[in-house]
Every structure is written in C-alpha cells, then in structure tokens.
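Novice: predicted model, plus sequence, below.
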Amino acid sequence: MQQCGPSSPSCSTSDCFPLGTLNTAACGSETSAEPQKREPAGLFRMRPTVIFYGFYLLCFGLGVACVVCVCLWNSKWRGGFAWDGSSLQFNWHPVLMVTGLVVVYGNGAVLYRIPLTWGQNKLPWKLLHAALMLLALVLSIVGLCAVFDFHNAQKTPNLYSIHSWIGIAATALFAMQRRSTVLGQVWVAYVQWYQFIHPPGNRKSCMLSSHEDYTSTGSDNGTKDFTKIANGSQGAGV
C-alpha cells in the first residue's frame, strides 16, 4: 500500500484506503458502516391486508353481536314475536331493520374491498353482492310492513316522528338505487349481447350495405325525378 504524503489528507482519497475497507467512523462520518435492518418485502406487503382483515372481522363480529342482542332483547324482555297486529308484531321491526340496513347491507357494500376478491373472476362476487343487497332491501321492506300493519291495527297514525320519515327516506333511496343498478346491469348485458351477435366486422359491413342501399335508392329516385322534371320542362318549352 502506498504511503500518503504530508500534504495529502489522511482519509480523503481512495489511494490511502480501498473503498471496501474504508472506515467511515474514523473519517468523522455520521453514518454507520453497519448494514441497516430491513423488513422482508413479503411481510411489508402483507401488513395492510392483515390490518384490513382484522378490522373487517371486528366489524363483522360487532354486526352479528348487534343482531343477536336485538333478537334477545325482543324475545326475552319484550314478549317475543308474532304477526297479529299486537305489540309483538312491532318487535319484528327493529330486528329486520338492523339486520337488513346495517349488517347485510354493510357486508354487501364492502364485499368488493376484500383482498380475497382481487385478481379473480368478478362474476360470482357480483352475484353475491346483488343477492346481499336484494336481501337487505327485502328485510327492510318487511320491517316497514310490520310497523305499518301494527300502527293500522292499533289505530296509530303513521309517519308521526322524524325517525319515521328518515326511515322511509332511507328505504326509498335504497330501493331507487337498486332499481337504477338493475337497469344499468340490464343495459350492459344488452350491449354485450349485441356486440356478441354483431362483431365489429359484421356491424361495419351491415352499415355499409344499408348505406349503399339507401344512397342507391335515393340516387335512383332523384335521377328519375330529375328526368321527369327535365322532360316536362322541355315539353312545355316546345
């Protein structure tokens, strides 16, 4: 190894120390030469998925616990369930509304966010999503029918509180959303069916043939009309 001259700094050039054995601590560097510990890439990528599943299972468990508590409350402390216009029929209302508009609707809405559905065929998950949303709508409608029937049997006015109006508005908006979704899916299915039975090449040829027929018919008719007019004008001039 070459000796450093008196004018050269002790640790300034690579001639004094090779790069592989350079002691940064001796040169006054603030960074340490020890390699930094890094987490594995797989574990780093799995962390958001694990956190999501943890919160999802927590929310799902709270939803199930809410339904169980409402059922126990109405069955043990409010006399049970019936469909005879009595107060027991009213007990169906909180159970069905909580189950439909809170638990089933919430799970159907978050279904596409589950990492299990990523990178897979979306058709089964779309069908499950539609089934959960339809079930939530049916449960909410039956819950409203229970409370309206109870009010009519007891000669109680309907829609006499803010709670009633908010519930009706939420159910109506939910039904309108389901209707628009179904119409949109029907339209998409129709477009896909039309594209399947009429490939792009066939559609272009059909449009060209129709355009040619229309223009040829129109030109023929126009030529005949112009000939009639010309003959008529010549006859009048003679």
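Specialist: Okay, I see it. Nothing here was measured: the structure is a model prediction, and the numbers come from that model.
Novice: shaky segments in the protein?
Specialist: Residues of the chain that meet the criterion pLDDT under 70 lie in 1-45, 200-238.
Novice: okay, now the domains of it?
Specialist: Domain ranges of the chain: 47-158, 161-225, per automatic domain parsing.
Novice: turn those into a markdown table, columns for mean neighbour count.
Specialist: Where you see a C-beta, it was placed from the backbone N, CA and C, and this is true even at glycine. Converted to a markdown table, the domains of the chain look like this (neighbours: other Cβ atoms under 10 Å):
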| stretch | mean neighbour count |
| --- | --- |
| domain 47-158 | 15 |
| domain 161-225 | 11 |
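Novice: can I get stretch 115-128 in CSV? Just the C-alpha atoms.
Specialist: Extracted C-alpha coordinates of stretch 115-128, given in CSV (Å, rounded to 0.1, in the frame of the first residue of the first chain):
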residue,chain,number,x,y,z
PRO,A,115,-58.5,-8.8,-0.8
LEU,A,116,-59.8,-12.3,-1.5
THR,A,117,-61.7,-11.0,-4.5
TRP,A,118,-58.7,-9.3,-6.1
GLY,A,119,-57.4,-10.8,-9.3
GLN,A,120,-60.3,-13.3,-9.6
ASN,A,121,-63.4,-13.6,-11.7
LYS,A,122,-65.8,-10.9,-10.6
LEU,A,123,-69.0,-12.6,-11.7
PRO,A,124,-69.5,-14.8,-8.6
TRP,A,125,-68.8,-11.8,-6.3
LYS,A,126,-71.1,-9.6,-8.3
LEU,A,127,-73.9,-12.1,-7.9
LEU,A,128,-73.2,-12.4,-4.2
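Novice: who's in contact with it?
Specialist: The contact list for stretch 115-128, computed with Cβ atoms under 8 Å, 6 or more residues apart in numbering, reads 49, 52, 53, 111, 112.
Novice: and if we set it to 6 Å?
Specialist: residue 49 (Cβ atoms under 6 Å, 6 or more residues apart in numbering).
Novice: what segments of this structure are helices?
Specialist: 41-76, 87-90, 92-98, 105-109, 122-153, 162-197, 200-237 (DSSP state H).
Novice: turn these into TSV, including distance to residue 116.
Specialist: Listed next are the helices of the chain as TSV, based on distance: least, Cβ to Cβ, whole Å:
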stretch	distance to residue 116
helix 41-76	9
helix 87-90	39
helix 92-98	26
helix 105-109	13
helix 122-153	9
helix 162-197	23
helix 200-237	36
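Novice: can I get stretch 151-160 in CSV, CA atoms only?
Specialist: These are the backbone C-alpha positions of stretch 151-160, laid out as CSV (Å, rounded to 0.1, in the frame of the first residue of the first chain):
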residue,chain,number,x,y,z
HIS,A,151,-100.0,1.1,13.5
ASN,A,152,-103.1,0.4,11.4
ALA,A,153,-104.3,-2.3,13.8
GLN,A,154,-103.8,-0.1,16.8
LYS,A,155,-105.3,3.0,15.1
THR,A,156,-102.0,4.8,15.4
PRO,A,157,-101.1,7.5,12.9
ASN,A,158,-98.2,6.6,10.6
LEU,A,159,-95.1,8.8,10.0
TYR,A,160,-95.6,11.0,13.1
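Novice: would you mind measuring the gap between the ends of stretch 154-172?
Specialist: End-to-end distance for stretch 154-172, by Cα to Cα, to the nearest Å: 25 Å.
Novice: before I go, just wanted to say thanks for your time.
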